[in-house]
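Trainee: Need the 3D shape of this:
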Amino acid sequence: MSKNPADVHPSEARGRAQMKGLSGYYTGHTVLIYDTDGNHLDSTTITSYDKMALRIEVQALPSVFSSGAGCRVLIMTSPSPCEYQGRALREGTRLYIAMYQGQEKESRGAERYKINSSAVIENLVCDGRAYPLLAPLEITLVNISKSGVRFRAPLNSLSDGDRFQMRMKISDSDKLLIADVINHHDIDEQTSEYGCQFLIGSERVV
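Mentor: Numbering: from 1, shown residues only. Next up is the predicted model:
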């Protein structure tokens with residue numbers, strides 16, 4: 001039974017409009033799954049997206065999840081991820097994550113989630129053009145959120161203000177993200193740690 005429009009909270013209405021407006025855009029994307037405490041449990045692929053039921057079907061769910069268990073997810077859209085709260089659902093052999101009210105979490109003060117994964121920086125971006133590095137820069141991700149990422153790389157590999165394209169290999173798919181270096185500090189004589197902000201929205205990069 002559908003809700004009377006007068007009974008829908010404005011934030012829920014906005015969330016539903018955002019989700020429905022995405023159509024099937026999430027299908028094929030990688031999703032990082034966290035428990036309600038922010039612990040990274042699994043990474044998988046979205047096989048379909050039901051914009052009416054406001055839920056995604058996924059290839060796998062963490063075995064520790066019972067049906068209805070709360071979770072947090074980062075959907076690896078480009079050039080920046082989308083962050084949602086939801087609950088895990090098991091219906092026979094089909095696995096879903098239903099979004100709470102279809103409401104995307106606010107990017108302001110986005111929570112950072114730990115992730116132990118590798119990635120590679122292939123290009124620097126300037127004035128909308130991508131310029132390949134002489135050699136791809138291998139990095140190790142430390143944490144990630146809807147608004148940014150922190151990683152470790154060889155000492156002084158990048159400078160504050162650099163914009164770059166980062167390719168993440170998660171699950172069975174590659175994801176290309178765009179970010180700006182905000183700050184960095186040296187961990188030791190060989191390694192620097194970089195705090196970066198994703199480019200929010202879309203930018204044409206050639």
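Trainee: rest of the way, CA atoms for contacts and neighbours
Mentor: Noted.
Trainee: and the closest residue to Thr45 other than its chain neighbours, how many neighbours?
Mentor: Spatial nearest neighbour of Thr45, chain neighbours left out: Thr30 (4.5 Å); criterion: CA to CA, 6 or more residues apart in numbering. Applying other CA atoms under 10 Å, we find 25 other residues in the vicinity of Thr30.
Trainee: For this protein, give me the ranges with low pLDDT.
Mentor: Along the chain, the model assigns pLDDT under 70 to residues 1-24, 100-109, 170-174, 201-206.
Trainee: quick one: the residue most central in space within the chain and Thr30, what's the gap?
Mentor: When CA atoms, centre = their mean is applied to the chain, the residue found nearest the centroid is Pro81 (3.2 Å). In this structure, Pro81 and Thr30 are separated by 10 Å, where distance is defined by CA to CA, to the nearest Å.
Trainee: so what sits against both of those two?
Mentor: Both Pro81 and Thr30 are contacted by Ile75, under the criterion CA atoms under 8 Å, 6 or more residues apart in numbering.
Trainee: didn't the residue nearest to Thr45 look like it was pressed against Ser43?
Mentor: Yes - taking CA atoms under 8 Å as the definition, Thr30 is a contact partner of Ser43 at 7.0 Å.
Trainee: Please go through this structure and pick out the longest strand.
Mentor: Among all segments of the chain classified by DSSP state E, the strand with the greatest residue count is strand 129-144.
Trainee: Show me what whichever helix or strand comes after it is packed up against.
Mentor: Heading C-terminal from strand 129-144, the first helix or strand you meet, by DSSP states H and E, is strand 148-154. The criterion is 3 or more CA pairs under 8 Å, 6 or more residues apart in numbering; DSSP states H and E, and the helices and strands that strand 148-154 contacts are strand 129-144, strand 191-198.
Trainee: With respect to burial, which of the ones you listed scores highest?
Mentor: A comparison of these by mean neighbour count, using mean count of other CA atoms under 10 Å, puts strand 191-198 on top with a mean of 21.
Trainee: ok, that strand: who's next to it in the sheet?
Mentor: Within its sheet, strand 191-198 is paired with strand 148-154 (antiparallel), strand 173-186 (antiparallel), according to DSSP bridges.
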